[in-house]
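[1] What follows is a protein structure lacking sequence information:
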Ligand code: HEM
C-alpha cells in the first residue's frame, strides 16, 4: 500500500468517525433534555437579557452545577 | 467580583473598531469599484502609472476587504457583544483595556502599512496571503493580542454559560490562527542567502502541488473562519436581540456549529478540481462541499425561524430587513458554492466570472449586510443617540440590494458564457473561439458590474453618513433601548 492509498483510507475512516460523533452529539443533546439534566433552550435568553445587572442564566461553573 | 450599581459596559474599543470598519469598508469598495470599471474599460489602468494597474489594486481590494473591513467588524462586534453575553464590562480589567488599545493601534498602523506595501508591489503572490513576512508577523501579534483579550474576558465573566456567539468567535480565533500560520510559512530570501536581494521578499516553504493544497486549504477556510463563522456569531446575537425573539432552536445552533467545524476544513480542495492533486482528495473536496449545505442551512433556517410569528417586523424595521436578507444571501451562496464544487459544473465554472459572482453574493449580500446591521444596532447603544434617519436606511437597503442582484446576475451570465465559449469546438474538434472573442462578448456584463459597484458604494457612503449623523446629531436617548433600535 503506498502513501496515497493510506491517506485515502485514513480520510475515509476519519469521516466515518466524525459522522458517528456528530450523530452521537444529536442524541446526547436530546437525551439530556428529555432526562431533565439540561435545558438548552434557556441559553437563548442570554442574548435577550444581557444588561450588566441582569441575573446570569447560569452563574455556577459547570463542575458545581447540580 | 462584586456587582456595583455604577457598573457599565465599556464601548470605547467597540467604537474605535467601528470607525475602522467604516474606513476600510469604504477603501475596499472604492478600489473594488475601480477594478470592476477597469475590467470593463481597460484605459482606466493607466491613471496612476504602475500604482493604478489592476494587478496592483486587486490584492489591495481583497486584503482590505478581508483583513481591513471584515476583521475590524469582527473586533468591533466582539468588543460589544462579548461583554454583553458574558455580562462583564471590559473596563473591570485594566489589563484587558490596555491590551485592547495596543491591539487597536497595532492593527490600525499595521493594516495601513501592509496596504501600502501591496501598493508598492510587495506580494507573496498567494491569494489572500499576499502580505510579506514582516506584515505576517504583525498579523500574528494582533491575533494573539485579541486571543488573550477574549480569553481574559471569558475568564472574568459572570454568565457562566457561553452563549453560542462566543463559540463562533472562539472558532474564528482558533481557525484563523491555525490557517494563517501554516499557509504563511515562508523563508525570507535575504536572510537565507546571506544578504542577496530585497529584505522584504520571501518564498513559500511549500512547493508545487503541496503549495497549492496548503494555499487552498487556507484560502477556502479563510472564507469559512473569516466570512462565515464570525458572521454567524453576529447574527445569532443581533437578530434575536433586535427582534426580541430568542433563537428558534438553541440545540440546532449547537449542532450546526459542530457540523460546520467538522465539515468546512475538508472542503478546500474543491478549488483544485481537475488539477494535479490526488483524485481522492478532489472527490473528498466535492463531497464535503455538498455536505456543507446542511450545517450552513441549519444556521440560516434557524435564523429565519427565529422570526416565526414576528414577520410583521420585517416590514416596519429596516434593520430586520438587513438581517433577514443577509441570511437569505447566506443560503444562496451556500447552495451555489456546493453546486460549483461538483466536478462537471466546475469544469465550466472554474476560472470564469461566475466565481467572483459567487464570492460577491456572499460578501456583499451576507457579510457586509450583517456587519452594517450590527453597526446600526450598536450605534444607539454606543453613542446613546437615536439612528439619524430611517428613510436613508430604507433607501440604502434597496439601492444595495439591487446592486448585489446586478452584480451576481451579470457575473452568472458572463461566467457561463465564458465557460461555454472556452470549451466550444467545431465539427473537426478545433476551438471555435479565441480568448479575445470572449472578452468582446463579456463587455456589457463587466459594465453592469461596474455600475453595481457604484451603486453599492453609494449605499455604503449613505450608511457611513447615517452613522456619522447619528453620532453627532441624533436625538439623545435617556435610556438604553432593550430590543428594537430606535430611529428617526
Ligand atoms: C463595491 C463593492 C465591490 C465591488 C464592485 C467589487 C469588485 C471586485 C472585482 C472586480 C474583483 C476581481 C474579480 C476578478 O478578478 O475577475 C473582486 C474580487 C474579490 N472581492 Fe470584491 N468587490 C466589492 C466588494 C467586496 C467586499 C465588500 C468584499 C469582502 C468583504 C469583497 C471580496 C472580494 C474577494 C474575496 C475577491 C476575490 C475573488 C476571487 O478570487 O474569485 N469584495 N471584487
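    Great, that's in hand. Keep in mind that what you see is a predicted model, and the values were worked out from it rather than measured. Residues are numbered from 1 along each chain as shown, chains lettered A, B, ... in the order given.
[2] in chain A, which spans are helices?
    All helices of chain A, identified by DSSP state H, fall at A:3-34, A:45-48.
[3] Just want the most central residue of chain A.
    residue A:25 (6.0 Å; C-alpha atoms, centre = their mean).
[4] which residues sit in contact with that residue?
    Neighbouring residues of residue A:25 by C-beta atoms under 8 Å, 6 or more residues apart in numbering or on different chains: B:254, B:255, B:258. Glycine gets a C-beta too; all of them are placed from N, C-alpha and C.
[5] Sticking with the first one, tell me its helix or strand.
    It refers to residue B:254. Counting by DSSP states H and E, the element that carries residue B:254 is helix B:250-264.
[6] which parts of the next helix or strand after that helix are buried?
    Of the helices and strands lying after helix B:250-264 in sequence (DSSP H and E), the nearest is helix B:279-291. Across helix B:279-291, burial judged by 16 or more other C-beta atoms under 10 Å in any protein chain shown covers B:280, B:281, B:282, B:284, B:285, B:286, B:287, B:288, B:289, B:290, B:291.
[7] The third one reaches residue B:273, doesn't it?
    Yes. Under the criterion of C-beta atoms under 8 Å, residue B:282 lies in contact with residue B:273, with a separation of 5.2 Å.
[8] Identify the contacts common to these two.
    residue B:343.
[9] Where does pLDDT dip in chain A?
    Chain A contains residues with pLDDT under 70 at A:60-66.
[10] who's in contact with stretch B:204-223?
    B:66, B:124, B:126-129, B:175-176, B:179-180, B:182-183, B:185-187, B:264-265, B:267-272, B:275-277, B:281, B:362.
[11] again, but for stretch B:459-472
    Contacting residues not belonging to stretch B:459-472 are listed as B:18, B:22, B:25-26, B:29, B:368, B:372, B:375-376, B:379-380, B:383, B:385-389, B:392-393, B:395-397, B:399-400, B:403 [C-beta under 8 Å, 6+ apart].
[12] Show me what from chain B comes close to the ligand.
    B:28-29, B:32-33, B:35-36, B:39, B:58, B:61-62, B:65, B:69-70, B:355-356, B:359-360, B:363-364, B:367-368, B:453, B:456-457 (C-beta under 6 Å from any ligand atom).
[13] Intersect those with the contacts of chain A.
    By C-beta under 8 Å from any C-beta of the partner chain, no member of the residues of chain B next to the ligand lies near chain A.
[14] pretty sure residue B:302 contacts residue B:247?
    Yes. In this structure, residue B:302 is within contact of residue B:247 by C-beta under 8 Å, at 6.4 Å.
[15] Please enumerate the shared neighbours of these two.
    With C-beta under 8 Å, 6+ apart as the test, residue B:302 and residue B:247 both reach residue B:253.
[16] so which strand or helix has the residue located most distally from the centre of chain B?
    The outermost residue of chain B relative to its centre, with distances by C-alpha atoms, centre = their mean, is residue B:428 at 46.3 Å. For residue B:428, there is no host helix or strand (DSSP H and E).
[17] before we move on, the earlier item: looking at the helices of chain A, which is nearest to residue B:347?
    Proximity to residue B:347 (C-beta to C-beta) singles out helix A:3-34 among the helices of chain A, at 22.8 Å.
[18] Next, the buried residues of that closest one.
    Buried, per 16+ other C-beta under 10 Å, within helix A:3-34: A:8, A:11, A:15, A:18, A:22, A:25, A:29.
[19] before we move on, what about stretch B:47-64?
    So for stretch B:47-64, counting by 16+ other C-beta under 10 Å, buried means B:53, B:56, B:57, B:58, B:59, B:60, B:61, B:62, B:63, B:64.
[20] Give me the distance between it and the centre of its chain.
    19 Å (C-alpha atoms, centre = their mean, to the nearest Å).
[21] same question, stretch B:57-73
    The chain centroid and the centroid of stretch B:57-73 are separated by 8 Å under C-alpha atoms, centre = their mean.
[22] Mean confidence (pLDDT) on that stretch, please.
    The pLDDT scores in stretch B:57-73 average 97.
[23] which other residues reach the helix holding residue B:254?
    By C-beta under 8 Å, 6+ apart, helix B:250-264 touches A:18, A:21-22, A:25-26, A:29-30, A:33, A:40-44, B:164, B:167-168, B:171, B:220-221, B:224-225, B:228-229, B:232, B:236, B:247, B:288, B:291-292, B:294-296, B:298-299, B:302.
[24] How about the residues of chain A by chain B?
    Near chain B, when you scan chain A using C-beta under 8 Å from any C-beta, you find A:4, A:7-8, A:11, A:15, A:18, A:21-22, A:25-26, A:29-30, A:33, A:40-48, A:50-54, A:56-62.
[25] hmm, try it at 6 Å
    Residues of chain A lying close to chain B by C-beta under 6 Å from any C-beta of the partner chain are A:4, A:8, A:11, A:18, A:26, A:29, A:40-41, A:43-48, A:50, A:52, A:56-59, A:61.
[26] Drop anything exposed from those.
    A:8, A:11, A:18, A:29, A:40, A:43-48, A:50, A:52, A:56-57.
[27] Among those residues, which pair sits farthest apart?
    Pairwise over these, using C-beta to C-beta, the maximum falls at A:8 and A:52, 53.2 Å.
[28] if we can go back for a sec, format the buried residues of helix B:279-291 as TSV; extra columns: pLDDT and distance to chain A.
    TSV is the format used below for the buried residues of helix B:279-291 (pLDDT from 0 to 100; distance: C-beta to the nearest C-beta, whole Å):
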residue	pLDDT	distance to chain A
B:280	86	4
B:281	88	8
B:282	93	12
B:284	89	6
B:285	93	11
B:286	95	13
B:287	92	9
B:288	92	8
B:289	95	14
B:290	94	13
B:291	92	9
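[29] Next, the contact list for the residue in chain A positioned nearest to chain B, please.
    Nearest to chain B, among the residues of chain A, is residue A:44, at 3.3 Å (C-beta to the nearest C-beta). Applying C-beta atoms under 6 Å, 6 or more residues apart in numbering or on different chains, we find residue A:44 in contact with B:246, B:247, B:250.
[30] Give me every residue in chain B lying close to chain A.
    So chain B meets chain A at B:7, B:9, B:84-85, B:87, B:158-161, B:163, B:237, B:240-241, B:246-247, B:250-251, B:255, B:262, B:278, B:280, B:284 (C-beta under 6 Å from any C-beta).
[31] Could you give the backbone dihedrals for the residue positioned nearest the centre of chain B?
    Centroid-nearest residue in chain B, with C-alpha atoms, centre = their mean: residue B:227, separated by 3.8 Å. Torsion angles at residue B:227 (phi, psi; degrees, to the nearest 10) stand at phi -100, psi -10.
[32] out of everything not next to it in sequence, what's closest to it?
    With sequence-adjacent residues excluded and distances taken as C-beta to C-beta, 6 or more residues apart in numbering or on different chains, residue B:227 is closest to residue B:367, at 5.2 Å.
[33] pLDDT wise, what is the one you found at?
    98.
[34] Any idea how many residues pack against it?
    Other residues near residue B:367 come to 27 when the count uses other C-beta atoms under 10 Å in any protein chain shown.
[35] try residue B:91
    16.
[36] give me the element the residue lying closest to it once chain neighbours are set aside is part of.
    Nearest residue to residue B:91, sequence neighbours excluded (C-beta to C-beta, 6+ apart): residue B:10, at 3.7 Å. Under the criterion DSSP H and E, no helix or strand holds residue B:10.
[37] and the gap between residue B:10 and residue B:100?
    Applying C-beta to C-beta, to the nearest Å, the value for residue B:10 to residue B:100 is 9 Å.
[38] Since that was my last question, I'll sign off now.
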